[in-house]
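In: With the input below, show me the fold.
(one chain, ligands or ions: 2)
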Amino acid sequence: MRIDLHIHTRPRSACSAIYPSELLKEARRAGLDGLCLTEHQRLWTSQELEEISRERGLRIFQGNEITTNQGDVLVFGYEENVKGVVMIHELRKEVEKAGGLMIAAHPFRGFLLFGITQLRMDLEQACRRTVFQYVDAVEVLNCKVTDPENEMARQVAERLGLLGVAGSDAHRLDEIGRCITILERDVSTERELIEELRAGRFTTEVCSSW
Ligand SMILES: [Zn+2]
Ligand SMILES: [Zn+2]
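Out: Ligands and ions are numbered 1, 2, ... in the order given. Have a look, this model is predicted:
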């Protein structure tokens with residue numbers, strides 16, 4: 001099951017140019033079986049979700065991209081309306097209580113703009129970032145960051161034994177489906193999705209035409 005775990009739509013994410021009405025057609029064109037709506041601290045109601053997922057053949061899941069004091073975190077299985085900047089240790093407590101999953105989104109975005117060698121941020125330093133103590137997974141493929149930034153995230157996840165997932169962070173139609181997480185099993189609820197991710201029953205892929 002091919003899923004894009006990280007997609008923004010407008011107007012819920014003001015920074016996105018993707019309208020929900022165009023989303024499903026484009027997702028299907030990109031060969032996706034499912035996708036996660038991860039707006040910036042805006043949740044869809046279950047009725048709204050039902051309405052847009054009425055079209056068959058595509059599973060729509062809900063996540064939330066939460067701004068924490070340690071950077072952006074994608075959260076699944078925790079449907080609370082959070083506002084402002086959240087302390088990551090507090091978020092962790094709440095998400096754990098709810099049985100949810102936390103993913104460090106694009107953890108090195110902007111960090112390696114001048115190249116790893118110039119910035120001299122080595123793997124050891126990167127692994128010590130606080131965010132990694134509080135997440136279950138790391139986004140190791142994100143289409144909005146540079147290759148070295150993705151590569152650093154991949155190495156950190158590997159070193160720390162965290163799951164490494166892929167999500168496009170799509171804000172434009174043509175970005176949908178660029179970074180895909182491929183689940184071994186079919187899932188139809190967020191709970192099942194979390195279970196499969198937690199169990200590591202997935203691989204990641206970058207769209208070949210990107
Ligand atoms: Zn955004
Ligand atoms: Zn995002």
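In: Quick one: classify Cys36 as helix, strand or coil.
Out: State at Cys36, reduced to three classes by DSSP: H, G, I helix; E, B strand; the rest coil: strand.
In: Now the element after the least confident helix or strand in the chain by mean pLDDT, going C-ward?
Out: Least confident helix or strand, the chain: helix 116-119 with a mean of 53, by mean pLDDT, DSSP states H and E. Proceeding N to C from helix 116-119, the next assigned helix or strand is helix 123-127, under DSSP states H and E.
In: ok now that next one, how far from the chain's centre?
Out: Offset of helix 123-127 from its chain centre (C-alpha atoms, centre = their mean, to the nearest Å): 22 Å.
In: next structured bit after whichever strand or helix holds Leu193?
Out: Assigning secondary structure by DSSP H and E places Leu193 in helix 190-198. Sequence-wise, the next helix or strand downstream of helix 190-198 (DSSP H and E) is strand 202-206.
In: tell me the pLDDT at whichever residue of the chain sits closest to ligand 1?
Out: Closest residue of the chain to ligand 1, C-beta to the ion: Cys15 (3.6 Å). No exception for glycine: its C-beta is placed from N, CA and C like everyone else's. Looking at Cys15, its pLDDT reads 96.
In: just Asp4 next, same as before
Out: As predicted, Asp4 sits at a pLDDT of 98.
In: Repeat that for Gly115.
Out: 54.
In: what sits against Ala105?
Out: Shown in contact with Ala105 (C-beta atoms under 8 Å, 6 or more residues apart in numbering): His6, Glu65, Gly71, Asp72, Val73, Leu74, Glu139, Asn142, Gly167, Asp169.
In: oh sorry, the question was meant for Ile3
Out: Ile3 is in contact with Leu32, Asp33, Gly34, Leu35, Cys36, Arg59, Phe61, Ile180, Thr181, Ile182, Leu183, Leu193, counting by C-beta under 8 Å, 6+ apart.
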